[in-house]
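[1] Need a 3D model of the following:
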Amino acid sequence: MSADDKLRSLGFSFLLLPATFGCVARAQAQSLEGRAVPCKGQTISRIEVSSRPPFEVKGSNLQRRLARQMTEMHSTTNPDVILRFMALRPGMACSELRRLESERILRAQPYLADATVTPYPDDAGGVYLSVISVDEISLILGGGGSGVVPYLRSFRFGEQNIMGEALSFVGRWSYSENFRDNFSAQIIDYQFMGRPYQLTIDGARNELGGNWGFELSHPFLTDLQKISWRTTAGSREDYRYFRRDEFPRPAVNLQRAYADAGGVIRVGRPGRLALLGGSVSYEDEMPEPFSTRIGLGTLDRDTTQILDHRYERNRVTRINALAGFRSVKYLRVTGLESLDGAQDVRKGFELATVIGRGMGLLGGNNNDLFLSANTYIGAGSPTLFSSLEGTIEGRRDDGSREWDGVLASARLATYFKPANRQTISTSLEWSAGWNQRIPFQLTFADRDGGPRGYRDSWLAGGRRAVFRIEDRFFVGHVKQFASVGVAPFMDFGQLWAGDAPFGDNSSLNTSVGISLLASVPPHSQRMWRFDVAFPLDRSTGAKLKVRLYSRDFTSIFWKEPGDVNRNRERSIPTSVFNWP
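    Below is the predicted model of the structure:
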């Protein structure tokens, strides 16, 4: 080889050195990234966030084009939003508890389908955190129609994660045959002013009456928090209808105003702690002393005497003591309240209490004693899990031995997974009210409280029990777009008259049906249901019902029925652990 050839070869070798060293460095980095390590107090050098859209762009050309178009319509969550919910920061010692809590807090956000926080070793002897989040579908769209003019009867539109900034807006419209159309809007900022504060503003104009509400809070998101607080205010006017076997149904006009401000502090360590604090609350309940018959554009006084002077105005300002006790661990499971999505269920015990004393301030006309308690118990494994939650509240005026406004509800549920793709769920739900101070009925018609298929039933009472059983099967995935399933179900319901107006002691009412299920995208915590329910007893007006709706119960155990919840004290939290 000539001298010139040797020089050219040597120069070529020097040119290859940077590329060679670069390949080795990348190989070492990939090797390090491939080995996740547990958090054991290592210093966190950095946090890398990968915020992903709901769909992966893969598959056939048609699938890729569809996924790309849907992704372009979606604003992926801002990585800064993800970082603000993290319980770990660069420079901190890596803690397994804080890592798991960061994952759980992220998965609890309604605009995220899933989230993982994984530590990898860095080149300085510490770790860096790789955070991967997957968005939910953020577009909110819905509506309803009719076979007669006007064909469009309702419309719902909104965005749950505007510009990826954890900001939600939802607007609704529905047609009214009797009076003016209904309009409503709600805005929720899940990170108000870049902090983990939540701001909610809502308002509505109903066919008769309307409402507005405001709430600013620091929700109790994790046991790592030291404090939690909230302030609320609002007003509502509507007509409370009473179901009976005659038509038209009488209604009582009710106006309610409320406000409160308070907070709690944590005492104890995460996992086993107490929350102690207080609040000041104001309630003003103004029911009309007579009932109204509402017709096509007309309001006439009803002749039903049972409702005359039944309800009186109550205005009270209270000083409240808040106390909660908790011994809870979280268990990550798949497919309990979703098809194939992951959720964090509570194992252990919670008790939250409120003791309020009326002070006669701000025009209050009641010096009463108010008591409320909420309890939760959960136990089991990823294949068999049971939980119980119940809430009761009531009040007593000074000098009186009688309690009024007593309202209670509870749910006992069991989830059994005999196979990876199958979940058998059962639940027993009970609700009751005694001596209610504002218009009150429990019905089979309530969307969440009654047996499915009895939406048109006129049965009502003061106490209700409903047993549900459902056998849910996860069928599989529709490419990268959705998870699908099917679920046959049976519901059993019974009512007792109690002291509710027009109350009945019913027989056992049964319905059977089937649900088509879907989660979009796959592994989403939100599940869409298309229910077809057949009532077996149609003598009270019940008939075949078809319903399409979505729900996300993965971060809560139970949504209390609407006919119970609307009679709760507006300014008092049912539990300081999920305050607000």
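
[2] Now do the contacts for N435.
    Counting by C-beta atoms under 8 Å, 6 or more residues apart in numbering, N435 touches E402, W403, D404, G405, V406, D499. For glycine as for every other residue, the C-beta is placed from the backbone atoms N, C-alpha and C.

[3] Let's have those residues in TSV, adding secondary structure, distance to W229 and neighbour count.
    Putting these into TSV (DSSP: H, G, I helix; E, B strand; the rest coil; distance: C-beta to C-beta, whole Å; neighbours: other C-beta atoms under 10 Å) gives the following:
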residue	secondary structure	distance to W229	neighbour count
E402	coil	34	9
W403	coil	30	14
D404	strand	30	15
G405	strand	26	22
V406	strand	29	17
D499	coil	37	13
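
[4] can I get the residues you listed in TSV with distance to Q225 and pLDDT?
    As requested, the contacts of N435 are exported to TSV (distance: C-beta to C-beta, whole Å; pLDDT from 0 to 100):
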residue	distance to Q225	pLDDT
E402	40	88
W403	34	93
D404	36	93
G405	32	94
V406	32	97
D499	42	94
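
[5] And for D300, the neighbour number?
    10 (other C-beta atoms under 10 Å).

[6] Quick check: it vs F290, distance?
    Distance, D300 to F290, by C-beta to C-beta, to the nearest Å: 11 Å.

[7] what does F474 give?
    From F474 to F290 the distance is 54 Å (C-beta to C-beta).

[8] Same question for A115.
    Distance, A115 to F290, by C-beta to C-beta: 54 Å.

[9] just the strands in the stretch 351-500 of the chain please.
    368-380, 384-397, 404-419, 422-434, 442-443, 460-461, 463-478, 482-496 (DSSP state E, counting those that start in this stretch).

[10] Comparing those, which comes out most buried?
    strand 460-461 (a mean of 27; mean count of other C-beta atoms under 10 Å).

[11] for that one, packing partners?
    Packing contacts for strand 460-461, counted by 3 or more C-beta pairs under 8 Å, 6 or more residues apart in numbering; DSSP states H and E, involve strand 442-443, strand 482-496.

[12] Averaged pLDDT, the shortest one. What do you get?
    Right, the one you point to is strand 442-443. For strand 442-443, mean pLDDT rounds to 96.

[13] one step back: JSON lines please, covering the helices and strands packed on strand 460-461 and showing distance to P54.
    Formatted as JSON lines, those follow (distance: least, C-beta to C-beta, whole Å):
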{"stretch": "strand 442-443", "distance to P54": "37"}
{"stretch": "strand 482-496", "distance to P54": "10"}
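
[14] Figure out which of those is closest to R46.
    strand 482-496 (33.9 Å; C-beta to C-beta).

[15] With only the CA atoms kept, save the closest one in CSV.
    In CSV, the C-alpha atoms belonging to strand 482-496 read as follows (Å, rounded to 0.1, in the frame of the first residue of the first chain):
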residue,chain,number,x,y,z
ALA,A,482,-62.0,1.1,20.3
SER,A,483,-62.6,-1.8,22.7
VAL,A,484,-66.0,-3.4,22.4
GLY,A,485,-68.0,-5.7,24.6
VAL,A,486,-71.5,-7.0,25.5
ALA,A,487,-73.4,-7.3,28.8
PRO,A,488,-76.7,-9.0,29.5
PHE,A,489,-78.3,-7.7,32.7
MET,A,490,-81.3,-7.9,35.1
ASP,A,491,-82.6,-5.3,37.5
PHE,A,492,-85.1,-5.8,40.4
GLY,A,493,-86.7,-2.8,42.2
GLN,A,494,-89.2,-2.2,44.9
LEU,A,495,-90.7,1.0,46.5
TRP,A,496,-92.2,1.7,49.9
